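> Could you work out the structure for the sequence below:
(one chain, ligands or ions: 2)
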Amino acid sequence: MRPIAISCGEPAGIGPEIAARAWERLRGEIPLIWLGDPRHLPGAVAWQAVESADEAAAVSGEALPVLTRDFGAPAVPGQPDPSHARGVIDAIRDGVDLVRAGECAGLCTAPIHKAALIDGAGFAHPGHTEYLADLAGVGEVVMMLACPELRVVPATIHIPLSQVPARLTPELLEATIRITHAALIRDFGVTAPRIAIAGLNPHAGEDGKMGREEMLMIAPLLDRLRGEGFDLMGPMSADTMFHASARAGYDAAVCMYHDQALIPIKTIDFSGGVNVTLGLPFIRTSPDHGTAFGIAGKGLADPSSMIAALRMAADMAQARASR
Ligand SMILES: NC(=O)C1=CN([C@@H]2O[C@H](COP(=O)(O)OP(=O)(O)OC[C@H]3O[C@@H](n4cnc5c(N)ncnc54)[C@H](O)[C@@H]3O)[C@@H](O)[C@H]2O)C=CC1
Ligand SMILES: NCC(=O)COP(=O)(O)O
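Numbers count the residues shown, from 1 in each chain. Ligands and ions are numbered 1, 2, ... in the order given. So this is what the prediction gives:
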């Protein structure tokens with residue numbers, strides 16, 4: 001298969017070391033190509049500079065292939081350097097270009113420190129998800145976090161909690177459900193997706209006594225989509241929809257805001273969770289965690305989520321290629 005491109009992410013975080021450890025685990029299984037400054041990799045890793053994805057595929061069993069960039073300075077673990085910001089952003093863009101050109105099978109992004117990119121390079125996006133949508137020229141994309149026990153989708157993503165009710169429109173929710181439904185069929189092998197939708201308010205509004213978004217917006221939308229044949233549950237009380245027997249009743253849970261979706265999955269499986277962007281014209285996955293500055297450079301970072309993200313990207317690419 002074509003290599004999976006890995007963008008370096010924040011050099012002062014754990015991104016370079018989890019990429020190196022993932023390569024050690026996956027060499028011989030999935031060809032990789034890392035986009036970054038090799039000075040930021042852990043000293044012990046065997047890496048090799050390459051010029052192309054073809055060359056990366058040839059050497060990936062022996063060394064971590066690196067499409068080298070010069071960020072101008074080494075990284076100090078735990079201390080993001082604003083002068084690295086441009087390089088971090090460009091590595092993501094170049095990874096997208098490789099995938100869109102068909103040279104790589106997918107992009108796996110290592111975590112970025114959003115504040116460093118804003119301060120250092122005026123990054124105009126709150127996260128990869130929004131940046132990738134912009135690069136792809138796509139209006140609506142969907143963030144999904146997936147582990148073997150649960151898939152969750154926050155309808156609103158990187159916005160303050162105070163802005164959630166206003167941003168939660170029927171149009172946004174409908175697009176989120178449609179994109180999720182299509183991806184469950186296309187990329188996750190679910191033939192008849194069952195999607196649970198959380199309410200916004202405690203007890204899903206308790207018949208309007210604790211909030212009216214469920215009655216006025218969410219329930220009517222779900223009824224309309226059920227009329228088209230969608231198998232939808234809800235609006236459900238968010239506090240009781242994530243225990244094991246409730247999870248058995250659906251293939252994905254659409255939630256109203258970031259933490260409503262991410263707290264349950266990171267509690268159930270922090271090390272195995274994968275962040276995947278749905279609705280893009282290419283494959284993008286990521287570990288579910290951040291830069292972990294407190295443990296960067298200490299050899300303590302667990303590469304499991306990065307490995308799961310690389311395996312998911314490879315599986316998605318193979319499934320799409322076989323269709
Ligand atoms: N996809 C991305 O680019 C993401 C970036 N971030 C960014 O990361 C930065 C730090 O965010 P936090 O909320 O502190 O979350 P975090 O995930 O970086 O850290 C939370 C806790 O989990 C631990 N941890 C995280 N990954 C680990 C690993 N692989 N092995 C062992 N322990 C691990 C950390 O040491 C810390 O105790 C922020 O700037 C945030 O924006 C956060 C999530 C995703
Ligand atoms: N908490 C998830 C997160 O921040 C990931 O965002 P993104 O960079 O993948 O858009």
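> Please state the backbone phi and psi of residue 274?
Main-chain dihedrals, residue 274, degrees, to the nearest 10: phi -130, psi 140.
> quick one: residue 40 and ligand 2, what's the gap?
Per Cβ to the nearest ligand atom, to the nearest Å, residue 40 is found 19 Å from ligand 2. The C-beta positions use only the backbone N, C-alpha and C, and glycine is treated the same way.
> swap in residue 27?
For residue 27, the distance to ligand 2 under the criterion Cβ to the nearest ligand atom works out to 26 Å.
> okay but that residue is in contact with residue 61, surely?
Yes: in this structure, residue 27 sits in contact with residue 61. The criterion is Cβ atoms under 8 Å, and the distance is 5.4 Å.
> Of these two, which one has the most company?
Of the pair residue 27 and residue 61, residue 27 is the one with more neighbours under other Cβ atoms under 10 Å, namely 16 against 10.
> List the contacts of that one.
The contact partners of residue 27, taken as Cβ atoms under 8 Å, 6 or more residues apart in numbering, are 60, 61, 62.
> Leaving out chain neighbours, which residue sits closest to the first one?
Closest residue to residue 60 apart from its sequence neighbours, by Cβ to Cβ, 6 or more residues apart in numbering: residue 31 at 4.0 Å.
> tell me the contacts of the one you found?
Neighbours of residue 31 in contact, by Cβ under 8 Å, 6+ apart: 1, 2, 3, 4, 56, 57, 60, 61, 65.
> out of those, which are inside helices?
Cross-referencing the contacts of residue 31 against helices under DSSP state H gives 56, 57.
> In the stretch 201-323 of the chain, what residue spans correspond to helices?
For the stretch 201-323 of the chain, the helices identified by DSSP state H, counting those that start in this stretch occupy 213, 219-227, 244-247, 258-269, 304-321, in order along the chain.
> Let me have those helices in JSON lines, extended by mean neighbour count.
What follows is the helices of the stretch 201-323 of the chain, written out as JSON lines (neighbours: other Cβ atoms under 10 Å):
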{"stretch": "helix 213", "mean neighbour count": "19"}
{"stretch": "helix 219-227", "mean neighbour count": "14"}
{"stretch": "helix 244-247", "mean neighbour count": "12"}
{"stretch": "helix 258-269", "mean neighbour count": "19"}
{"stretch": "helix 304-321", "mean neighbour count": "21"}
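> quick one: which of the ones you listed is nearest residue 76?
Between residue 76 and the helices of the stretch 201-323 of the chain, the shortest gap by Cβ to Cβ is with helix 304-321, which sits at 21.7 Å.
> for the helix or strand harbouring residue 118, packing partners?
Using DSSP states H and E, residue 118 maps to helix 114-121. Here helix 114-121 is seen to pack against helix 85-100 when contacts are counted using 3 or more Cβ pairs under 8 Å, 6 or more residues apart in numbering; DSSP states H and E.
> got the buried residues for the helix it packs on?
Neighbour-count burial for helix 85-100, counted by 16 or more other Cβ atoms under 10 Å, picks out 85, 86, 87, 88, 89, 91, 92, 94, 95, 96, 98, 99.
> how big is the angle separating it from helix 304-321?
30 degrees (axes from the mean of the first three to the mean of the last three Cα atoms, to 10 degrees).
> Other residues contacting helix 85-100?
Contact with helix 85-100 is made by 5-11, 33, 35-37, 53, 67, 69-72, 104-107, 109, 112, 116-117, 119-121, 123, 128, 131-132, 135-136, 281-284, as judged by Cβ under 8 Å, 6+ apart.
> ok, which of those residues also contact ligand 2?
Residues shared between those and the neighbourhood of ligand 2 are residue 128 [Cβ under 6 Å from any ligand atom].
> hang on, residue 103 packs against residue 50?
No: with the criterion set as Cβ under 8 Å, residue 103 and residue 50 do not qualify as a contacting pair; they are 11.5 Å apart.
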